[in-house]
Structures are given as structure tokens and as C-alpha cells.
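Novice: Starting from these lines, generate the structure:
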Amino acid sequence: MTAATLLKEAGYTVSIYGEAFSCTTSDVAGGQWAPSIVAYDETSAVACHRFFEILKKSFDMHKFRLGSQFGISERTNFCKRRGPSLDKAANAGIIARTRLANLPFKYLNGPGYAYSTLLVEPPIFLEKLRHDLRQNQVPFVQRKFASEADVLTLPEAIIVNCTGLGSKVLFNDLNMKPIKGQLALLKAQPALDYLYSTGRTYVFPRADHVVVGGSQEDNVDDCIPDLTTCRDIIQLAVNAFMGSSMSTIRRKPWMLRNK
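Specialist: Prediction:
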């Protein structure tokens, strides 16, 4: 949707092909703006310059769309420890990072950090993009592709690959690997206006839900939620906000590393 929007704004005639246009993984994603799990050659000055150039442009374009229509708002993300992905943006001067003597919570009140970032609420953001694209007469063509040859039967001269994990099969992209993450969606709490993420857990209050996450399963491509894992994810967040120094849940392979 984003690629189609940018191409349309640049004056191109656009068609969108896809198996599904709603109820996708992106529709329920957490939504914090951060360069999380982005691979690039950090030893190359050229690659680093390009990465941060893209990062700055991404932040500015999202900030330009601030407001309830797009579901984008400025939020503070509180962290017990410095977050590697947020630090990249802070070190480049894209977002602000503040060292705190005490986090503003009853039990989780030791030293920490505050990052000034954005919350992008996918259910609102994606619906707005879909609506605007349809208003601009962009056709949505439901189609499932089985191979690269199948893709190349399209009449368009330029094809932008937004298939994500599907690239592994369609284009024999062996570098494309699945990562499964599970979320617990709790009842919305309008009074919560901050984000929290440290180590194994994150909590993102949105208009529709409070999103609690904490899992990362490499090379797993099924979309089946596991209730036991989701209960453990919630317990990790409870432990964090109760100020527990060590989790009461034994370390498990699916638990997040520090992002």
C-alpha cells in the first residue's frame, strides 16, 4: 500500500496485485516506528550513509502524516535499557533520546531511557491508504502468483516486488527467511499514551488494543497463534511492570532478544 501510494504521488499509473488486501499480518502489527531487524553492511560507509538516508526519509514522511486520519502520533517509548534499533535512529539525530534517573512507573521505577518516536496504528493507517488509493482509481486485482514466470505475464512494464516472504518461492530468494512473532491484544486503555520496550517484552497502547509482544521464532512461517505462548508474553510484561529483576518464566527459545 505504501509503495503504491508513493508511486501514485510521483505521477505513475498504478495497479495493485495481491492474494489479500486486508486481514494481513501487517493489519495487526505492533506499529512503533523503529529500524528493527534491518540488515545492511555496517562496515561499509556507503551502505551506512544510504541506510540512514532512507531512515530519515521514512521518519519525515510518517511525521508529515501525523494525525488521527492516518493513525500516526508522537509517542515516548520508555526503556529500561538502551534499545539497539532505537539507538541507531537517536545516534543519527533522527529521534531524541533522554537518560532518566527514574522511569515514571510505580514499580518499574529505576534508571532508564526515553525515546521520542512515532506510533503508527496499522488498522487505521492501512485502511486510510486503501481508501485513498481507491479514491484515486487505483485498481486492486486479486491474484495469487505461483512463479516468477507467472509474475512476468503482467502487462505492466515496471513491477515492484512487495511480496515479502513470498519472494523466497517466486524468485528463489534464499536470503528471505521467515520470522514468526506472536502478539497478545488486550482491551484498549485510552489513558495510556506511552510505549514501553525492553529486552523480552514490549507494550504499545493503540486505539483498538493494548498490543503486548515478546516472541521471535526464526525460520517459522506458520500464522497459528499459540495461547500458552501468548499467556507467557503477557506474564513477561506483568513481571516487567511489577519491577521483577528476573522473569518468573524460564528462558524459552521464542523469547525476544533485546531489540
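
Novice: Spell out for me which residue occupies the centre of this protein.
Specialist: The residue lying closest to the centre of the chain (CA atoms, centre = their mean) is Gly31, at 4.8 Å.

Novice: Spatially nearest residue to that one (excluding sequence neighbours)?
Specialist: Val120 (4.7 Å; CB to CB, 6 or more residues apart in numbering). Every residue, glycine included, has its C-beta placed from N, CA and C.

Novice: and if you look at Lys8?
Specialist: Nearest one to Lys8, counting by CB to CB, 6+ apart, is Val14 at 5.1 Å.

Novice: Identify the residues contacting the one you found.
Specialist: Ala4, Leu7, Lys8, Leu133, Val138 (CB atoms under 8 Å, 6 or more residues apart in numbering).

Novice: Arg75 versus that one, what's the distance?
Specialist: For Val14, the distance to Arg75 equals 31 Å [CB to CB, to the nearest Å].

Novice: what sits against Lys56?
Specialist: Applying CB under 8 Å, 6+ apart, the residues contacting Lys56 are Ala92, Ile94.

Novice: C-terminal to the host helix or strand of Ala89, what's the next element?
Specialist: For Ala89, the host element (DSSP states H and E) is helix 84-91. Sequence-wise, the next helix or strand downstream of helix 84-91 (DSSP H and E) is strand 96-100.

Novice: and that following strand, which strands flank it?
Specialist: Each strand paired with strand 96-100, and its direction, by DSSP bridges: strand 112-120 (antiparallel).

Novice: Show me what secondary structure element comes after the partner strand.
Specialist: Assignment by DSSP H and E places the next element after strand 112-120 at helix 122-135.

Novice: For that following helix, which helices and strands make contact with it?
Specialist: Helices and strands touching helix 122-135, by 3 or more CB pairs under 8 Å, 6 or more residues apart in numbering; DSSP states H and E, are helix 2-9, strand 140-142.
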